[in-house]
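Colleague: Would you be able to build a 3D model of this:
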Amino acid sequence: MRFVFFSEGETPPGHTHAQRYRELIDEVLLAEKVGFDAFGCSEQHVAIGTASTSAPEVIFPYLMALTSRIQFIHLITPLPKKINHALRVAERLATEDILSNGRVALGVGRGNTTLALRAFEVSPDETRGQQIEGIEIIRRALANDVFSFVGEHYKIPPRSLVPKHVQQPYPPILMATGSPESVTAAARMGIGAMMGGGYSGFGSVQRMADLYDKELASAEHVYPVQAQKVAVVSGGMHCAETSEKAERWAATLAESVALSIDAYERLSKLSSDYASLGKIKNVDFRNQRYLFDESASFIVGDPKTCIAQVQRFVDIGIDAIAMRVDGLPHRELMKSIELFGNYVIPVFKNLRSVVRRPEEILADIRTARPAHYAEVEAYQRAAATADATAPKKADTVGAAMLGESR
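Modeller: Numbering: from 1, shown residues only. Purely as a prediction, here's the structure:
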């Protein structure tokens, strides 16, 4: 299991974006120190109240220079042509790959707010087609020295991408998937799928994961397969010393969730391509127990509780979890990152390295004793039998001398 910490730089009223960015830097540095595999942020434009990370391609290189191990994942880069031309995305990705020495990955999506789509004059009906063509262009540009493309939205004459990336065959690519159709599309393309995040429960994530595996296995792949099932915990992860404290803090994340609900519902009514977002209206966001325990969009509790929640994703067959760690005071986010990194991640990386409580070890020792003593008795019986049936030493010597005389 890989663990991805993602943030959108949520900045509360009275704070400044400059201060929030400085806090975010500290959070990423701590995440690398305590064992997170990757950091990501979404590209959110003209967002109000929930996100300030409009230029991850600027944030990442700064952090790349301050880190040495952690990977950086764009979660996500919207691919409507008026927001991000596919060639520009390929160029930026290759540049980041060089600067990070192969520590970057690309997650793409269609855009999920009317604020951004309308600001860039993007029709919701065009985003699906532009995303699929954009992914194809990015892969052609990365996979071939000379490439071209002709489609409905792009017509690119033969060109060669500059600069060239360092990862082979090229940096991992993933796609946000909120419906069976998008899960199927990602699987057939052989790229990773970011699934879940819709508050619809572990059963929904299981169905999406099973569908992805089925379609991936049955598809014919032109490009190298970069299969990956990533569960998106979009509501939030908060780990604290006690579950009561964790839930008390996590309850404040409901305001951010409410804003997302409103955006999803409005967008679902504008285009049939976004109809799947409309199902979020069926979720009871007043039911805190459902949100924290069953929605598959929160991981909240003390380390033991967080371990149990992560295990549910492991049982589904998920390869990585992208957890939103945001929307709370910086000091609480830092505590959460440290607790999760020190006490949850090691359980899923190297369980034998985790030091257990003395009473647990003693209980296992007591349980193992009967079998050990039975093995000792069996060994002693076998040794006694062998000793009784073995030839005497003198007889052995005499037999040898007799053999020589003959």
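
Colleague: Show me the shaky parts of the stretch 201-350 of the chain.
Modeller: By pLDDT under 70, the low-scoring segments of the stretch 201-350 of the chain are 254-255, 258-263, 278.

Colleague: Helices of that one, residue ranges please.
Modeller: In order along the chain, the stretch 201-350 of the chain carries the following helices (DSSP state H, counting those that start in this stretch): 202-218, 243-250, 254-268, 288-293, 303-316, 330-343, 345-349.

Colleague: can you tell me which of those comes nearest to residue 125?
Modeller: Evaluated over the helices of the stretch 201-350 of the chain, closeness to residue 125 peaks at helix 254-268, with 11.7 Å, by CB to CB. (C-beta placed from N, C-alpha, C; glycine too.)

Colleague: about what we covered before: need the helices of the stretch 201-350 of the chain in a markdown table (columns: distance to residue 275).
Modeller: Conversion of these to a markdown table gives the following (distance: least, CB to CB, whole Å):
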| stretch | distance to residue 275 |
| --- | --- |
| helix 202-218 | 16 |
| helix 243-250 | 30 |
| helix 254-268 | 6 |
| helix 288-293 | 23 |
| helix 303-316 | 25 |
| helix 330-343 | 34 |
| helix 345-349 | 35 |
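
Colleague: Pipe those helices into CSV and attach distance to residue 355 and mean neighbour count per row.
Modeller: Putting the helices of the stretch 201-350 of the chain into CSV (distance: least, CB to CB, whole Å; neighbours: other CB atoms under 10 Å) gives the following:
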stretch, distance to residue 355, mean neighbour count
helix 202-218, 30, 17
helix 243-250, 22, 19
helix 254-268, 36, 17
helix 288-293, 28, 18
helix 303-316, 13, 18
helix 330-343, 11, 19
helix 345-349, 10, 17
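
Colleague: what's the closest of the ones you listed to residue 391?
Modeller: Closest of these to residue 391 is helix 345-349, at 56.1 Å (criterion: CB to CB).

Colleague: roughly how far is the closest one from the heart of the chain?
Modeller: Centre-to-centre, helix 345-349 and its host chain are 14 Å apart (CA atoms, centre = their mean, to the nearest Å).

Colleague: Same check on stretch 75-87?
Modeller: 21 Å.

Colleague: now do stretch 312-323
Modeller: 8 Å.

Colleague: circling back to that earlier point, residue 45: which of the helices of the stretch 201-350 of the chain is closest?
Modeller: Among the helices of the stretch 201-350 of the chain, helix 254-268 sits nearest to residue 45 (CB to CB), with 12.6 Å.

Colleague: Go through the helices of the stretch 201-350 of the chain and name the closest to residue 131.
Modeller: Of all those, helix 254-268 comes closest under CB to CB, at 14.8 Å.

Colleague: For residue 308, see how far away residue 30 is.
Modeller: According to CB to CB, to the nearest Å, residue 30 stands 24 Å off from residue 308.

Colleague: what does residue 289 give?
Modeller: 15 Å.

Colleague: Same check on residue 44?
Modeller: Distance, residue 44 to residue 308, by CB to CB: 31 Å.

Colleague: Likewise for residue 21?
Modeller: For residue 21 relative to residue 308 (CB to CB), the value is 34 Å.

Colleague: Repeat that for residue 131.
Modeller: 36 Å.

Colleague: One more: residue 64?
Modeller: Applying CB to CB to residue 64 and residue 308 gives a distance of 34 Å.

Colleague: Let me know the secondary structure of residue 148.
Modeller: Put simply, residue 148 is strand when judged by DSSP: H, G, I helix; E, B strand; the rest coil.

Colleague: Now do the same contact list for it.
Modeller: By CB atoms under 8 Å, 6 or more residues apart in numbering, the residues touching residue 148 are 140, 156-159.

Colleague: For it, which non-adjacent residue is closest in space?
Modeller: residue 158 (4.5 Å; CB to CB, 6 or more residues apart in numbering).

Colleague: Quick one, grab the pLDDT at the one you found.
Modeller: With respect to pLDDT, residue 158 scores 98.

Colleague: State the number of residues packed around residue 384.
Modeller: 10 (other CB atoms under 10 Å).
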